[in-house]
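Chemist: Generate a structure from the sequence data that follows.
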Amino acid sequence: MTLQATLLAAALALVPAFARADDAKKNDPRSSSNPAIDTRTTPNQATQPDPAQPPSQAQQMDRGSMEHGKKLTDDQVLRKLHHVNQEEIQAGQLAQQKGTTRDVKDYGATLVRDHTKGDQDVKTLASKTNLDLESMKSDARHLEKQQVMQNKMDQLQKMSGKDFDRGFAQMMVNGHREAIEMVKDARGDAKPELKSFLERLLPVLQKHQDMANDILSKTRDTASAK
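Modeler: Coordinates of the predicted model:
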């Protein structure tokens, strides 16, 4: 009994020592068990972007601004204007067929007339440099935009009455706004002959946008009066 009592007393005496050693290990900043420090993190790792994570909204906006800021060449401007003219002619013809008011039908006729004339001018300019205006048809981004435009036209085809008038006018407001921005951006660096054409084109596009805005306002007034 005396030997057992002695061993037990010795064991109990060692408990505080083990406890102090364990506490010291936990407080050691080099210990991987300290939750405040992750020894697996390499220097500057926290500041490096994770390629597996999608870009932030700010990064996407910066990227979009950079793409938007790219200047178009004269050839690209002519090709884009050619396709804009084709789209507006198609939309104008549809408005003449399905418009419910004289304003919409007359506006459709104006689009067909002005954009047909504009496209003739574009073709004349393109012929002087042997530019193929249809060469964008196989471009992936152009095909995507063409599909978006076709989807909008398909939606208009399904509309009727005031819904068509309103949808058509909204489409023309948006479309001409984009065309005006493109022309304004392009004219600064364009060659003299193209620049002169763009200067003449701007008031025509602005007139088209103003007419579309007027029609859109009238359709909204009619809807609110019901």
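Chemist: Toward the C-terminus from the strand or helix carrying residue 118, list the very next helix or strand.
Modeler: Using DSSP states H and E, residue 118 falls within helix 102-127. For helix 102-127, the following helix or strand on the C-terminal side (DSSP H and E) is helix 140-158.
Chemist: Would you mind pulling up the elements that the very next helix or strand once past that next one packs against?
Modeler: Following helix 140-158 in sequence order, the next helix or strand is helix 161-187 (DSSP H and E). Here helix 161-187 touches helix 74-98, helix 102-127, helix 140-158, helix 192-225, going by 3 or more C-beta pairs under 8 Å, 6 or more residues apart in numbering; DSSP states H and E. C-betas here are computed from N, CA, C, even on glycine.
Chemist: For residue 202, which non-adjacent residue is closest in space?
Modeler: Spatially, and ignoring its direct neighbours in sequence, residue 202 is nearest to residue 183 (5.7 Å; C-beta to C-beta, 6 or more residues apart in numbering).
Chemist: Can you tell me the number of residues neighbouring that neighbour?
Modeler: Other residues lying near residue 183 total 22 when counted by other C-beta atoms under 10 Å.
Chemist: One more: residue 160?
Modeler: 11.
Chemist: Tell me how far the spatially closest residue to it that is not a sequence neighbour lies from residue 164.
Modeler: Spatial nearest neighbour of residue 160, excluding adjacent residues (C-beta to C-beta, 6+ apart): residue 98 at 6.8 Å. Distance check for residue 98 against residue 164: by C-beta to C-beta, to the nearest Å, it reads 5 Å.
Chemist: more crowded one of the two?
Modeler: Between residue 98 and residue 164, counted using other C-beta under 10 Å, residue 164 has the larger neighbour count: 22 against 18.
Chemist: low-scoring pLDDT stretches of the protein, where are they?
Modeler: Along the chain, the model assigns pLDDT under 70 to residues 1-69, 136-140, 142, 222-226.
Chemist: how does it look with 90?
Modeler: Along the chain, segments meeting pLDDT under 90 span 1-72, 134-154, 156-157, 219-226.
Chemist: isn't the residue nearest to residue 202 right up against residue 204?
Modeler: No. With contact defined as C-beta atoms under 8 Å, residue 183 does not reach residue 204; the gap is 10.0 Å.
Chemist: Could you pull up phi and psi at residue 131?
Modeler: Residue 131 has phi and psi values of phi -80, psi 130 when expressed as degrees, to the nearest 10.
Chemist: Could you tell me which residues make contact with it?
Modeler: Contact partners of residue 131, counting by C-beta atoms under 8 Å, 6 or more residues apart in numbering, are 75, 78, 79.
Chemist: Weed out the non-buried ones from those residues.
Modeler: 75, 78, 79 (16 or more other C-beta atoms under 10 Å).
Chemist: picking up where we left off before, the residue nearest to residue 160 against residue 162, yeah?
Modeler: No. Counting by C-beta under 8 Å, residue 98 does not reach residue 162; the two are 11.3 Å apart.
Chemist: which residues sit in contact with the residue nearest to residue 89 when sequence neighbours are not counted?
Modeler: Take residue 89 and drop its neighbours on the chain: the residue closest to it by C-beta to C-beta, 6+ apart is residue 115, 5.0 Å away. Residue 115 makes contact with 84, 85, 88, 89, 92, according to C-beta under 8 Å, 6+ apart.
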